[in-house]
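Engineer: The following block contains a protein sequence and its predicted model.
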Amino acid sequence: MRSEDFWALIDESARVTDSKEDRTAWLVDTLAGRPAEDMVAFQRQFEELVARAGTEDIRDAAWILGAGLLLDDEFGEFRVWLIGQGRQIYEQVVAEPDTLTTIPPVRRLMGRPIASWDDEEWPEWEVLRRLTESMHSRMASETAQGWRATDAAAMARRLPQLSAMFPRER
């Protein structure tokens, strides 16, 4: 999966869904229909982007935006939210964190008390962080369903110690 494909999935997920949860479900379903290599490549790119946005300046910007209510988990979620904003905004903010003031989701929050922010408005996207866990579980499940030991005796000959330690239930 190329970087362009990663960002195209992020952008499309925003266009075709209405909530963070729906967006995650859409991404999981879409990636589950692709080869396992795409799922792994998506996760790798996602993790690289989260790490790249882990600068002190971005942490400070997130802290200011969140009115000082920023722990390590929230900073991770903020970076995931930043990825969810799409490539252009992500690149802009990574290059110059103070440009957060120019993006529409942040501008809508300006001057409003935090208590009035709707759940969908918070600059976090915890469910996307769980996306890779969901993909991994689904991929493991599909792999397990597609493979079955057909010759237990042959397997026991090839792996005698494991077979003795973990006998098959009959």
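Structural biologist: The structure has been received and is ready for your questions.

Engineer: How about residue 54: what's its closest non-neighbour residue?
Structural biologist: Ranked by C-beta to C-beta, 6 or more residues apart in numbering and with sequence neighbours excluded, the top spatial neighbour of residue 54 is residue 79, at 6.6 Å. No exception for glycine: its C-beta is placed from N, CA and C like everyone else's.

Engineer: Number of residues surrounding that neighbour?
Structural biologist: Residues near residue 79, counting by other C-beta atoms under 10 Å, number 27.

Engineer: Show the subsequent helix or strand relative to the helix or strand harbouring it.
Structural biologist: Here residue 79 sits within helix 72-84, counting by DSSP states H and E. Under the assignment DSSP H and E, the closest C-terminal helix or strand after helix 72-84 is helix 87-95.

Engineer: which residues sit against that next one?
Structural biologist: 7, 10-11, 49, 52-53, 55, 58, 61, 82-83, 85, 99-100, 102-103 (C-beta atoms under 8 Å, 6 or more residues apart in numbering).

Engineer: what residues are up against the residue nearest to residue 54?
Structural biologist: Contact partners of residue 79, counting by C-beta under 8 Å, 6+ apart, are 49-50, 53-54, 58, 62.

Engineer: Who wins on neighbours among the residues you listed?
Structural biologist: residue 62 leads these on contacts (other C-beta under 10 Å) with 24 neighbours.

Engineer: That one and residue 80 touch, don't they?
Structural biologist: No - the criterion here is C-beta atoms under 8 Å, and residue 62 misses it with residue 80 at 11.3 Å.

Engineer: To what extent is the residue lying closest to residue 61 once chain neighbours are set aside buried, counted in neighbours?
Structural biologist: The shortest distance from residue 61 to any non-neighbouring residue, by C-beta to C-beta, 6+ apart, is to residue 97 (4.0 Å). Neighbour count for residue 97, taken as other C-beta under 10 Å: 21.
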